[in-house]
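Undergrad: from the sequence below, what's the structure:
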Amino acid sequence: MLQCHNAPARFAELTLDATKFALDHPSEVAIVPSSSSSVSGEERPHRDELFPLVLWVRGMLVVIVLGLATVFAIAIWINPYDADGSPHRMATHRQMGLPSCTFYEVTGMPCPSCGMTTSFSLLMHGDLLNSLRANWVGTLLAITCLVFIPWALVSVWRGRLLFVRSPDQVLMMFLLALMILMFLRWIIVLGMTRLSGSS
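TA: Here you go, the predicted model:
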């Protein structure tokens, strides 16, 4: 019965002794992490394993790269200049046997994508300034595609998408930004055309 009454006092004494030991010998006290933190660390996926590329995705990236390489080869083949050396602003796609822009023929005004092919061709001929004048959205798109080619090849080689955590979100944002820029430029071009026509 006496031992039961002395148990709290004995526990307090042991606690004080342990605290004193820890303060006097800090280098000898080891802090053991909880088992839950170690388990969560083991279950956490490695960064390289977040978005592994399956075989068909790798094949699709290779096909896209080949398609873009073909586009840029055609852009190099097209001549974006007149006989006197002045750069075209649009309609260079007709050199490939394609018809004229229907919107331009009906309204007499360029459509949102007019000048895209010309901007690609001028950029591939090293004429950045006139590429921007033809269609600066097309210039940005061409530069983006040029950056995409090595990125896709490295991603295929490493087996994961580089610097991308959500491919769907990146693609959606890219398409949205492209459409916004195309229509923004189109509105500006239409406004400048009306102002020049009225004057």
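Undergrad: how about low-confidence regions in the protein?
TA: For the chain, the stretches flagged by pLDDT under 70 are 1-51, 198-199.
Undergrad: how about the residue most central in space within it, nearest residue that isn't a chain neighbour?
TA: Centroid check for the chain by CA atoms, centre = their mean gives V170 as the closest residue, at 5.6 Å. Spatial nearest neighbour of V170, chain neighbours left out: V164 (5.6 Å); criterion: CB to CB, 6 or more residues apart in numbering. (Glycine included, C-beta is placed from N, CA and C.)
Undergrad: what about the one you found, distance to A69?
TA: Noted for V164: a distance of 21 Å to A69, by CB to CB, to the nearest Å.
Undergrad: between the two, which has more neighbouring residues?
TA: V164 (15 against 12; other CB atoms under 10 Å).
Undergrad: quick check on that one: phi, psi?
TA: Note on V164: its backbone torsions stand at phi -120, psi 120 [degrees, to the nearest 10].
Undergrad: wait, it sits on L171?
TA: No - using CB atoms under 8 Å as the test, V164 is too far from L171 to be in contact (9.5 Å).
Undergrad: still on that earlier bit, correct me, but the residue nearest to the centre of the chain touches F163?
TA: No - taking contacts as CB under 8 Å, V170 lies outside contact range of F163: 9.4 Å.
Undergrad: may I ask which helix or strand encompasses the residue nearest to the centre of the chain?
TA: In this assignment (DSSP states H and E), V170 forms part of helix 167-198.
Undergrad: so which elements touch that helix?
TA: helix 128-158 (3 or more CB pairs under 8 Å, 6 or more residues apart in numbering; DSSP states H and E).
Undergrad: report the angle between the helix it packs on and helix 167-198.
TA: Relative orientation of helix 128-158 versus helix 167-198 (axes from the mean of the first three to the mean of the last three CA atoms, to 10 degrees): 170 degrees.
Undergrad: list the helices and strands helix 128-158 packs on?
TA: Using 3+ CB pairs under 8 Å, 6+ apart, helix 128-158 sits against helix 55-77, helix 116-124, helix 167-198.
Undergrad: tell me which of those sits most buried.
TA: With neighbours defined as mean count of other CB atoms under 10 Å, the helices and strands packed on helix 128-158 peak in mean count at helix 116-124, which reaches a mean of 26.
Undergrad: skipping its backbone neighbours, what lies nearest P110 in space?
TA: P110's closest residue in space is Y104 (CB to CB, 6+ apart), at 5.6 Å.
Undergrad: residues in contact with the helix or strand where the one you found lies: which ones?
TA: Per DSSP H and E, Y104 falls inside helix 102-107. Identification of contacts with helix 102-107 by CB atoms under 8 Å, 6 or more residues apart in numbering yields 90, 109-111, 114.
Undergrad: return the distance of the helix holding V170 from the chain's centre.
TA: 19 Å (CA atoms, centre = their mean, to the nearest Å).
Undergrad: T193 and N79, how far apart?
TA: From T193 across to N79, the span is 26 Å (CB to CB).
Undergrad: I am finished for the moment; much appreciated.
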